[in-house]
Each structure stands twice: as structure tokens, then as C-alpha cells.
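Undergrad: just a sequence and a predicted model for now, questions to come.
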Amino acid sequence: MTGINKNAEDITVLSKLNAQFIRNFTDQDTAGHDLILHPDFICIDNSGEIMGREEYLKDWATAYDNSGYTSFSYGEEYIRIWGNVALIRSRTTYTKLINEKLVQGNTVYTDTYFKENGKWLCIQAQITPIQSP
């Protein structure tokens, strides 16, 4: 496809940011997460709610503990770059406790990164649940 940057250095940096994003979630590292978010960041969560940066970070502080997750991982990472904009798409796999039952599930997320002053920052995250058959 035209316009897609195949710069290995940018792809490596973005892949590390993706791993850090997930680690920040499971560790509830709000301070670390704040460092990788653009000032204009928004999140579209799995219910379709749009959250601004401040509300998102406030929720981030306890999101993993409140989620019921007993395991959480990601894979199938796919990175595309156009100039100073990048999309990272991955699939999460999780097990969580719901009504005292362990339930397995997946989501697909797309994080949009913007390179500003030589630094990639996440400007939007969108999470989509995958319905079980």
C-alpha cells in the first residue's frame, strides 16, 4: 500500500509502546501510562463510551483490579505507519471472574499514535469486544 512506512526503528518503538500500554494496565501504572498518552487523548471503550484523558487516567488507576481478570495477554500485533500517524491493532485474550464463574474472552483494540517532536504518543484507543459463538 502506498504511504505505509516500513521504518523498522519506528515499528520497534511502537511495538515496545504497545507492550508498555498493556503492562501499564495490568500493573495499574497511571504515572507510566500518563507518559505515553498525547494531551488530546481519548478512549472509546468496549461499550462505546468516549472518555477524555483525565477521566480515563482516573479509571486506569483501579481498572485492572476492578475488572475481575485472572489472566490477560495480547497478541496478533499489527502496526501500520503513515508519516507521523500509526495504528497498532492487537487481540487480547483474557479470563475473568463473572458471577463466580470463570469466563474466557477476547477483544480487538486499535490504538492510534501520533509522532510529535520525535516522540510517539497514543492519541486514541478503541476497544471492541469479540462475541463468543
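TA: Done, it's in. Everything numeric here is computed off the predicted structure, so don't read it as measured data.
Undergrad: in this structure, what helix or strand scores lowest on average pLDDT?
TA: In the chain, no helix or strand scores lower on mean pLDDT, DSSP states H and E than helix 53-67, which sits at a mean of 92.
Undergrad: contacts only, for Leu121.
TA: Leu121 makes contact with 36-38, 41, 113-115, according to C-beta atoms under 8 Å, 6 or more residues apart in numbering. All C-beta atoms are positioned from the backbone trio N, CA, C, and that covers glycine.
Undergrad: now it: which helix or strand?
TA: Using DSSP states H and E, Leu121 maps to strand 119-130.
Undergrad: quick one: the residue sitting furthest away from the middle of the chain and Gln124, what's the gap?
TA: The centre of the chain is farthest from one residue, Glu100, which by C-alpha atoms, centre = their mean lies 27.1 Å away. Glu100 sits 35 Å away from Gln124, going by C-beta to C-beta, to the nearest Å.
Undergrad: would you mark the buried spots in the strand holding Leu121?
TA: 120-127 (16 or more other C-beta atoms under 10 Å).
Undergrad: just stretch 22-42 next, same as before
TA: 24-25, 29-30, 33, 36-38, 41-42.
Undergrad: nearest to Asn7, of those?
TA: Asn7 has its nearest neighbour among the buried residues of stretch 22-42 in Ile36, at 19.0 Å by C-beta to C-beta.
Undergrad: and the gap between that closest one and Leu87?
TA: Ile36 is 15 Å from Leu87, by C-beta to C-beta.
Undergrad: show me what the lengthiest strand in the chain is in contact with.
TA: Counting by DSSP state E, the longest strand found in the chain is strand 101-116. Residues outside strand 101-116 that contact it (C-beta under 8 Å, 6+ apart) are 10, 14, 17-18, 21, 38, 46, 70, 83-97, 120-130, 132.
Undergrad: what's the angle between it and strand 119-130?
TA: Here strand 101-116 points in a direction 150 degrees away from that of strand 119-130 (axes from the mean of the first three to the mean of the last three C-alpha atoms, to 10 degrees).
Undergrad: could I get strand 101-116 in CSV with only the CA atoms?
TA: Only the C-alpha atoms of strand 101-116 are listed here, as CSV (Å, rounded to 0.1, in the frame of the first residue of the first chain):
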residue,chain,number,x,y,z
LYS,A,101,-17.8,-18.2,37.1
LEU,A,102,-14.5,-18.0,35.1
VAL,A,103,-15.2,-16.7,31.6
GLN,A,104,-12.8,-16.6,28.7
GLY,A,105,-13.0,-13.9,26.1
ASN,A,106,-11.2,-11.7,23.6
THR,A,107,-11.2,-8.1,22.4
VAL,A,108,-9.5,-6.4,19.5
TYR,A,109,-8.1,-2.9,20.1
THR,A,110,-6.7,-0.3,17.8
ASP,A,111,-4.5,2.4,19.3
THR,A,112,-3.7,5.5,17.2
TYR,A,113,-0.3,7.1,17.8
PHE,A,114,0.9,10.5,16.7
LYS,A,115,4.6,11.3,16.4
GLU,A,116,5.2,14.8,17.7
